[in-house]
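**Student:** A structural model of the following input is requested.
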Amino acid sequence: MDTQMDARKAATSQAAFSLSSMLLPLALAQFICSYAGSSMNVAVSNMAHDLGTTVYGIQAVITLFTLTMAVLMIPGSKLTDIWGRKTCFVIGLALYGLGALISAFAPTVGVMMFGNSLLEGVGSALMIPPIYILVTVSFADLTTRAKSFGAISGAAGLGAATGPLIGGLITSAISWRASFLLQVLVIAAIIVLSRRIPDPSIQGATPHFDVTGAVLSGAGLFFVVLGILETGTYGWVTSREDFTLGPIVLIHQGGIAPVWVFVGLGALLLVGFFLHIRSAERKGIEPLLSTRLFRNRAANLGLVTQNIQWLILQGSTFVIAVFLQTVRHFTAIQTGLALTPAIIGMLLTSSAAGKLAQKYSQKTLIVAGFATTIAGLSLLLLLSNAPSNILSAIPGLLLMGAGVGVMLTSSVNVVQSSFPEQDQGAISGLSRSISNLGSSLGTALVGSILVSPLLSENQGYGAALFTVVVIAAIGLAAALLIPREQTTPHTVGLAHSPLTA
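**Tutor:** Numbers count the residues shown, from 1 in each chain. The predicted structure is shown next:
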């Protein structure tokens with residue numbers, strides 16, 4: 001009897017060790033991605049000064065980073081089934097680490113864009129999907145799987161919460177460059193730890209990679225966001241200056257603003273993408289995405305709310321951080337501390353999402369989240385001309401963070417629980433792509449308003465924040481249209497961190 005008990009204890013101990021040894025590198029990777037996404041906002045002024053650029057230049061770096069992830073997240077998910085999950089994870093880590101190293105020593109904004117926006121963006125697109133897929137295929141037991149996703153979600157929340165504080169502290173005490181070097185060290189440690197991660201073999205035939213679909217979808221998303229990003233220079237209606245390509249003037253001053261040319265081109269490419277995948281399906285060829293993913297009303301509305309939630313989160317934190325640094329002249333650490341109430345609110349409600357989902361429908365939580373977020377943003381807007389005492393902004397920041405936190409997980413559950421198990425990989429990639437697209441649009445949209453020469457600094461801040469409130473109201477309207485009977489959460493919804501775009 002003692003021998004059997006000892007054997008069971010040894011097996012349990014070995015299983016716990018295997019679980020922790022696998023989860024540690026995955027959770028650390030999730031932590032560093034979340035940290036990177038929130039730490040740069042508090043160093044905008046310092047980075048602009050050191051790189052000889054403007055706030056608009058750093059905004060472009062941040063926007064293109066999230067845009068790169070949005071463009072490549074779906075192809076990245078598909079590559080995990082072609083190259084292997086662990087292989088994709090390690091390649092993503094290596095590219096991300098190289099990008100962070102280049103960013104740490106970047107002499108110009110162009111080099112920073114190559115290291116951070118391109119290499120770190122590509123690395124993230126390859127690294128993030130395997131984190132959840134490896135847990136899903138490694139743990140058949142739903143209880144163990146749920147605990148594993150809980151640990152990874154906790155790491156995501158910790159990274160998002162500590163990013164402004166750690167980033168602000170490092171920037172104030174040493175330099176923003178040291179924050180990138182910290183990422184390099186953590187990535188190196190993850191690569192070493194990842195040797196213990198098992199690499200389950202992929203069952204069935206190797207999937208076909210739809211190159212044409214990847215190019216069309218990626219180019220379409222790129223031009224839409226690029227067009228919005230260019231409004232900071234050229235305006236929204238008529239071009240404020242000549243739009244040139246080298247020595248050639250494509251649009252003269254006073255002509256149509258380039259945003260509509262880029263957005264129109266992007267829309268045409270996205271229509272071409274949809275026609276392409278529909279044609280491929282009719283020919284029996286596996287497309288990048290199946291058209292059936294777009295035929296579910298609940299999932300479509302869930303994707304809309306998900307996109308808007310990340311637009312709100314990234315757009316509002318960016319505009320508040322820039323306002324505090326450029327208008328109120330806050331240091332990086334002061335900016336990080338000022339944003340802490342929003343992070344606390346988000347962590348409190350997102351950590352309670354599981355318990356809330358047992359009492360309320362997912363639709364109810366999404367609607368309540370948008371209403372709370374709008375209330376918080378409205379408070380911040382009303383106090384936009386208040387004295388520099390940041391204490392007056394705490395209620396608004398707390399409500400905004402709490403509102404976003406309560407609805408992020410619910411929107412993901414609505415989307416992923418709308419499809420069977422065989423579609424989880426595809427819908428997960430689409431879901432993350434939509435989230436990152438929201439982040440890109442948020443930074444690009446509010447940034448273009450914030451730097452508008454037609455508005456003073458205070459007016460720009462108020463106009464940008466008002467725009468976020470209007471978009472949040474659109475999100476609330478979409479949430480109200482979600483069918484209630486399809487919002488019961490399933491376990492598949494656990495496979496997406498609520499705090500990771």
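**Student:** which parts of stretch 465-475 are buried?
**Tutor:** Within stretch 465-475, the residues that count as buried by 16 or more other Cβ atoms under 10 Å are 465, 467, 468, 469, 471, 472, 475. Where you see a C-beta, it was placed from the backbone N, CA and C, and this is true even at glycine.
**Student:** quick one: contacts for the spatially closest residue to the last one that is not a sequence neighbour?
**Tutor:** Of all residues not flanking residue 475 in the chain, residue 308 sits nearest, at 3.6 Å (Cβ to Cβ, 6 or more residues apart in numbering). Remark: with contacts taken as Cβ atoms under 8 Å, 6 or more residues apart in numbering, residue 308 is in contact with 438, 471, 472, 474, 475, 478.
**Student:** and which of the buried residues of stretch 465-475 is nearest residue 38?
**Tutor:** Nearest to residue 38 out of these is residue 468 (Cβ to Cβ; 17.1 Å).
**Student:** so residue 244: helix, strand or coil?
**Tutor:** Here residue 244 takes the strand state, with states given by DSSP: H, G, I helix; E, B strand; the rest coil.
**Student:** who's in contact with the closest residue to residue 176 other than its chain neighbours?
**Tutor:** Of all residues not flanking residue 176 in the chain, residue 43 sits nearest, at 4.0 Å (Cβ to Cβ, 6+ apart). With contact taken as Cβ under 8 Å, 6+ apart, residue 43 is in contact with 167, 168, 171, 176, 179, 332.
**Student:** filter these down to the ones in helices?
**Tutor:** The members of the contacts of residue 43 that map onto helices under DSSP state H are 167, 168, 171, 176, 179, 332.
**Student:** for the residues you listed, which one is nearest residue 304?
**Tutor:** When these are compared against residue 304 (criterion: Cβ to Cβ), the nearest one is residue 167, at 30.9 Å.
**Student:** point me to the helix or strand that includes residue 403.
**Tutor:** If you go by DSSP states H and E, residue 403 is part of helix 394-416.
**Student:** hmm, residue 287 is touching residue 210, no?
**Tutor:** Yes: counting by Cβ atoms under 8 Å, residue 210 is a contact partner of residue 287 at 5.2 Å.
**Student:** now the common contact residues for those two.
**Tutor:** Residues touching both residue 287 and residue 210 (Cβ under 8 Å, 6+ apart) are 277, 280.
**Student:** ranking the ones in helices among the contacts of residue 43 by neighbours, who comes first?
**Tutor:** Counting neighbours by other Cβ atoms under 10 Å, residue 168 leads these with 29 neighbours.
**Student:** name the nearest residue to it, sequence neighbours excluded.
**Tutor:** residue 336 (3.0 Å).
**Student:** what about that neighbour, neighbour count?
**Tutor:** There are 29 residues near residue 336, going by other Cβ under 10 Å.
**Student:** pLDDT of the helix or strand where it lies, averaged?
**Tutor:** When elements are assigned from DSSP H and E, residue 336 belongs to helix 332-351. For helix 332-351, the mean per-residue pLDDT is 79.
**Student:** with just CA atoms, put that helix into CSV.
**Tutor:** Output in CSV follows, covering the C-alpha atoms of helix 332-351 (Å, rounded to 0.1, in the frame of the first residue of the first chain):
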residue,chain,number,x,y,z
ALA,A,332,7.8,58.7,-17.6
ILE,A,333,7.4,57.3,-14.0
GLN,A,334,4.8,59.9,-13.2
THR,A,335,2.9,58.9,-16.3
GLY,A,336,3.1,55.2,-15.4
LEU,A,337,1.8,55.9,-11.9
ALA,A,338,-1.0,58.1,-13.3
LEU,A,339,-2.3,55.3,-15.5
THR,A,340,-2.2,52.7,-12.7
PRO,A,341,-5.9,53.2,-11.7
ALA,A,342,-7.0,52.1,-15.2
ILE,A,343,-4.8,49.0,-15.0
ILE,A,344,-6.0,48.2,-11.5
GLY,A,345,-9.7,48.5,-12.6
MET,A,346,-8.9,46.2,-15.6
LEU,A,347,-7.2,43.6,-13.5
LEU,A,348,-9.9,43.5,-10.8
THR,A,349,-12.8,42.9,-13.3
SER,A,350,-10.9,40.6,-15.7
SER,A,351,-9.8,38.4,-12.8
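**Student:** next up, the contacts around residue 255.
**Tutor:** By Cβ under 8 Å, 6+ apart, the contact list for residue 255 reads 238, 239, 243.
**Student:** can you check the pLDDT for the residue nearest to the last one when sequence neighbours are not counted?
**Tutor:** This means residue 243. Closest residue in space to residue 243, ignoring its immediate chain neighbours: residue 251 at 3.9 Å, by Cβ to Cβ, 6+ apart. Per-residue confidence at residue 251 stands at 85 (pLDDT).
**Student:** now swap in residue 159 and tell me
**Tutor:** With respect to pLDDT, residue 159 scores 74.
**Student:** and it, what is it in contact with?
**Tutor:** 30, 31, 32, 33, 34, 35, 37, 38, 499 are the contacts of residue 159 under Cβ under 8 Å, 6+ apart.
**Student:** repeat that for residue 294.
**Tutor:** With Cβ under 8 Å, 6+ apart, residue 294 has these contacts: 274, 300.
**Student:** same thing with residue 332?
**Tutor:** Shown in contact with residue 332 (Cβ under 8 Å, 6+ apart): 42, 43, 45, 46, 167, 168, 169, 171, 172, 176, 325.
**Student:** distance-wise, check it relative to residue 60.
**Tutor:** Look at residue 332 and residue 60: by Cβ to Cβ, to the nearest Å, they are 20 Å apart.
**Student:** also residue 331?
**Tutor:** 23 Å.
**Student:** and for residue 308?
**Tutor:** Distance, residue 308 to residue 60, using Cβ to Cβ: 22 Å.
**Student:** residue ranges with poor pLDDT in the stretch 251-400 of the chain?
**Tutor:** Scanning the stretch 251-400 of the chain for pLDDT under 70 picks out 353-354, 383-390.
**Student:** please redo it, this time with the cut-off set to 90
**Tutor:** 251-259, 261-263, 280-299, 302, 306-307, 309-363, 365, 379-397 (pLDDT under 90).
**Student:** can you give me the helices for it?
**Tutor:** Along the stretch 251-400 of the chain, the segments classed as helices by DSSP state H, counting those that start in this stretch run 258-282, 297-326, 332-351, 353-359, 362-382, 394-416.
**Student:** tell me which other helices or strands the shortest one touches.
**Tutor:** Applying 3 or more Cβ pairs under 8 Å, 6 or more residues apart in numbering; DSSP states H and E, one finds that helix 353-359 contacts helix 362-382, helix 394-416.
**Student:** as JSON lines, these with mean neighbour count and distance to residue 132 would be great.
**Tutor:** Shown next, in JSON lines, are the helices and strands packed on helix 353-359 (neighbours: other Cβ atoms under 10 Å; distance: least, Cβ to Cβ, whole Å):
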{"stretch": "helix 362-382", "mean neighbour count": "23", "distance to residue 132": "19"}
{"stretch": "helix 394-416", "mean neighbour count": "27", "distance to residue 132": "11"}
